[in-house]
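**Student:** output the structure for:
(chains A, B, C and D)
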2 protein chains.
Amino acid sequence: MLVGAPADLAKGPSMSTASPEPTGLRERKKAHTRRTLMDTALRLFHENGYPETTTEEIAATVGVSQRTFFRYFPSKEAVLLSAVEDVDELLASALLERPGHESPFTALRNAMRDHWEQLAHASLHQRGDAANLIATSPDLAEANVRIDPSRRARLAGAVAERTGVDAETDPRPWITAAVFHTCLGLGHRQWVREGRPGQERLLACFLRQLDLAPEAVASDWPDAGTT
Amino acid sequence: MLVGAPADLAKGPSMSTASPEPTGLRERKKAHTRRTLMDTALRLFHENGYPETTTEEIAATVGVSQRTFFRYFPSKEAVLLSAVEDVDELLASALLERPGHESPFTALRNAMRDHWEQLAHASLHQRGDAANLIATSPDLAEANVRIDPSRRARLAGAVAERTGVDAETDPRPWITAAVFHTCLGLGHRQWVREGRPGQERLLACFLRQLDLAPEAVASDWPDAGTT
DNA sequence: TTGCCAAGTGTCATTCGCTGACATATTCTC
DNA sequence: GAGAATATGTCAGCGAATGACACTTGGCAA
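**Tutor:** As a prediction, the model looks like this:
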């Protein structure tokens, strides 16, 4: 599983995040190819736009056949998904480190706040800053919307794990994840509207939306704080 | 707009819901073709599965060319989306009829409850019971997930309209819509797990999830009601 | 009625995402 | 080093989606 197996995006629960290092030469090569494909794809997406970049082009740039591309990634979108998963992964583990007395939603919020730099750094990592990319390109943003359900499912799983409930039967992790995710989307939107200032501002936008959430669900919206 | 214009799925705000009757012969033909395409598509989806049904097949069954299909619907998914929109439309108008003192989320919940039969009936309407179809077929369910963001956006718009806030700048309608939508998804899942009893049961599942939502966001999940 | 314009449709060709089948090359194991 | 396992390339093909062009049909006015 994990990095080793290409075309493998199924996310079973509780698969160890540790893929220490690929010992064999085969696996090292595979990991390299996969990473190269991913980096190249993200770079091309960024340079030419998502729909404009063909899988053929990606493969050719890397120096493999298109067929090989699809052996590593089940779809074009999957490259994005996979890149974005890394960020979600970090958030998930940050979530587990939060003190147990915090409510799931609060813990999620705080995990995000505390590990923001780490998340931001990860998104700027070798992967060609997938997250930032998505934030920047309208095409990618649209693709990201389609990917959304998977991410939300992953988040719900993480919340369930932390709280020790069964995500299969318990609705609460899903609702929490949905609200959280929506807040991020809204925060990002607002950040864009403000002209994309620094990343600290993005975090601030996120937090603002997150803090509005409980009221939005429960209250009557007397009228309060827009924008 | 609406039924009249083929390949037109853009949803500008405040387009009148009234398309009284197509006066011209041209427009009547067009409306007929569109409806036939939709009905046929949904029927074939139901009989053979969504991915198994080709656009070619749909067009051939109706007696038009594949090209014409794509002149009426911008994509294969759009047929589904369009059918499902009708149901959302009803919910949106039901929402506007709820007493003003209800919180948006509650109003949404109650609108759903009160107009359930109407919604159910609409879904069984001439359109080949799109909603039910989606609920039944796993393939369609997956397609429905992808469609989800559009539906949520529509719902958010409806909530914003009811409450008189600006959906562009105010986050609350979006959060409300997201939570509501998630509850529906969860309710449906539960209903499936129970072996798909009658539609009344589906409504009950929906309502149960909806009533759990506020707690899921705010509280500490002491442990309560699973299943 | 006649005839013109516009809208709707069919046909053809093409692009692109994606998959199966088979042959070849590379790595691993003994 | 031989043989098994795996990774890759090549080729062929399907289906979704789009553009270009020709043809038919409905709407409308002279």
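**Student:** who does the helix ranked longest in chain A touch, helix- and strand-wise?
**Tutor:** The longest helix of chain A (DSSP state H) is helix A:138-163. With contacts taken as 3 or more Cβ pairs under 8 Å, 6 or more residues apart in numbering or on different chains; DSSP states H and E, helix A:138-163 sits against helix A:76-97, helix A:104-114, helix A:130-136, helix A:172-193, helix B:138-163. All C-beta spots, glycine's among them, are computed from the backbone N, C-alpha and C.
**Student:** what's the angle between it and helix A:104-114?
**Tutor:** 120 degrees (axes from the mean of the first three to the mean of the last three Cα atoms, to 10 degrees).
**Student:** how about the helices and strands packed on helix A:138-163, which one is nearest DNA strand C?
**Tutor:** When these are compared by Cβ to the nearest atom of the strand, helix A:76-97 sits nearest DNA strand C, at 3.5 Å.
**Student:** give me the residue at the spatial middle of chain A.
**Tutor:** Among the residues of chain A, A:Val84 comes closest to the average C-alpha position under Cα atoms, centre = their mean, at 3.5 Å.
**Student:** how much space separates it from DNA strand D?
**Tutor:** To DNA strand D, A:Val84 is 23 Å away according to Cβ to the nearest atom of the strand, to the nearest Å.
**Student:** my guess is that residue meets A:Arg152, correct?
**Tutor:** No. Using Cβ atoms under 8 Å, A:Val84 is not in contact with A:Arg152; the gap is 11.9 Å.
**Student:** got any ranges where chain A has weak pLDDT?
**Tutor:** Within chain A, the segments meeting pLDDT under 70 span A:1-22, A:119-143, A:196, A:199, A:216-227.
**Student:** around DNA strand C, which positions in it sit nearby?
**Tutor:** Proximity of chain A to DNA strand C (Cβ under 7 Å from any atom of the strand) is limited to residues A:24-27, A:29, A:51, A:53-56, A:66-67, A:70, A:74-77.
**Student:** filter those down to the buried ones.
**Tutor:** A:53, A:55, A:70, A:74, A:76 (16 or more other Cβ atoms under 10 Å in any protein chain shown).
**Student:** so which of those residues sit within helices?
**Tutor:** Reading helices off those with DSSP H, I get A:55, A:70, A:76.
**Student:** need the residues you listed in JSON lines with distance to A:Gly198, can you?
**Tutor:** Shown next, in JSON lines, are those (distance: Cβ to Cβ, whole Å):
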{"residue": "A:Thr55", "distance to A:Gly198": "35"}
{"residue": "A:Phe70", "distance to A:Gly198": "38"}
{"residue": "A:Lys76", "distance to A:Gly198": "31"}
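**Student:** now tabulate the residues you listed in JSON lines and tack on distance to DNA strand D.
**Tutor:** Formatted as JSON lines, these follow (distance: Cβ to the nearest atom of the strand, whole Å):
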{"residue": "A:Thr55", "distance to DNA strand D": "11"}
{"residue": "A:Phe70", "distance to DNA strand D": "9"}
{"residue": "A:Lys76", "distance to DNA strand D": "12"}
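**Student:** from the residues you listed, which is closest to A:Ala177?
**Tutor:** A:Lys76 (25.3 Å; Cβ to Cβ).
**Student:** how about the residues of chain A by DNA strand D?
**Tutor:** A:6, A:26, A:29-30, A:33, A:63-68, A:71-72.
**Student:** now those residues in JSON lines, with distance to B:Arg109?
**Tutor:** Shown next, in JSON lines, are those (distance: Cβ to Cβ, whole Å):
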{"residue": "A:Pro6", "distance to B:Arg109": "45"}
{"residue": "A:Arg26", "distance to B:Arg109": "55"}
{"residue": "A:Lys29", "distance to B:Arg109": "55"}
{"residue": "A:Lys30", "distance to B:Arg109": "50"}
{"residue": "A:Thr33", "distance to B:Arg109": "51"}
{"residue": "A:Gly63", "distance to B:Arg109": "56"}
{"residue": "A:Val64", "distance to B:Arg109": "52"}
{"residue": "A:Ser65", "distance to B:Arg109": "53"}
{"residue": "A:Gln66", "distance to B:Arg109": "49"}
{"residue": "A:Arg67", "distance to B:Arg109": "50"}
{"residue": "A:Thr68", "distance to B:Arg109": "50"}
{"residue": "A:Arg71", "distance to B:Arg109": "47"}
{"residue": "A:Tyr72", "distance to B:Arg109": "45"}
